[in-house]
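Visitor: Output the structure for:
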Amino acid sequence: MVGRPRSEESRRAILQAALRLCERDGYPNVTLKAIAAEAGTGRQTLYRWWNTKADVLLEAMTAVVAPGLPPSPPDLGSFLRETFALTDGVAGRVIVGLMAEAQSDPDLGERLRTRLIGPRRAALREVLERDSPSSHANLDLVVDMIFGAMWYRLLNRHASVDAVLAEEITELVRSLT
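Guide: Residues are numbered from 1 along each chain as shown. Next up, the predicted model:
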């Protein structure tokens, strides 16, 4: 990174501002100009550190909203409740917006998979392997089915992504594996 080092205070203010704007105005209406104004920083500060609002919001998701996974993921039900709870509120808006934008931006799609989606997939697979060590099920397909249900509900908004869904999926997976 060329230029002055990031001020951690400015960085946090920008990430928090981006999340507030996304919650208030929705992902499509967030702009770098608005983020700078909301954070009380200059636009040049944003442009020095991030190229797009997707870059800012992806960092906000990985640094503020969901900074990491527990060292050893809990049981399946707990893992799903925790993961699904993250989709509530602004996190759901951000992740849906990022995923939509990633459909026409392969580089963003790769960063989204690497930094946010991939680690959750790997953690879920680890939980499934631990919970069902003798299962002959295709665990990658089970992971796809679980996250497929989550994504379908997030994108279609026909039903909640909540603890009830986590419990229903947990029971279904246990009956399959």
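Visitor: Any chance you could list what contacts the helix or strand containing residue 168?
Guide: Assessed by DSSP states H and E, residue 168 sits inside helix 163-176. Helix 163-176 is contacted from outside by 76-77, 80-81, 83-85, 128, 131-132, 137, 142, 146, 149-150, 153, 159, using C-beta atoms under 8 Å, 6 or more residues apart in numbering. (Glycine included, C-beta is placed from N, CA and C.)
Visitor: how does this protein divide into domains?
Guide: If you go by automatic domain parsing, the domain ranges for the chain are 1-53, 66-176.
Visitor: Which of the contacts of helix 163-176 are buried? Put it as a ChimeraX command.
Guide: In ChimeraX syntax, the buried subset of the contacts of helix 163-176 is picked out as below (16 or more other C-beta atoms under 10 Å):
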select :76,77,80,81,83,84,128,131,132,142,146,149,150,153
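Visitor: so of the contacts of helix 163-176, which ones are in helices?
Guide: 76-77, 80-81, 83-85, 128, 131, 142, 146, 149-150, 153 (DSSP state H).
Visitor: Lowest-confidence one in those residues?
Guide: Ranked by pLDDT, these bottom out at residue 131 (84).
Visitor: residues in contact with the closest residue to that residue other than its chain neighbours?
Guide: Nearest non-adjacent residue to residue 131, counting by C-beta to C-beta, 6 or more residues apart in numbering: residue 76, 5.4 Å away. Residues in contact with residue 76 (C-beta under 8 Å, 6+ apart) are 127, 128, 131, 170, 173, 174.
Visitor: what pLDDT does residue 175 get?
Guide: At residue 175, pLDDT is 88.
Visitor: shaky segments in this structure?
Guide: 1-6, 68-71 (pLDDT under 70).
Visitor: As a quick check, tell me the outermost residue of it.
Guide: Ranking residues of the chain by C-alpha distance from their mean position (C-alpha atoms, centre = their mean) puts residue 134 at the top, at 30.6 Å.
Visitor: so residue 82 makes contact with residue 88?
Guide: No. Using C-beta atoms under 8 Å, residue 82 makes no contact with residue 88, being 11.3 Å away.
Visitor: Have a look at those two and say which one is more surrounded.
Guide: residue 82 (16 against 12; other C-beta atoms under 10 Å).
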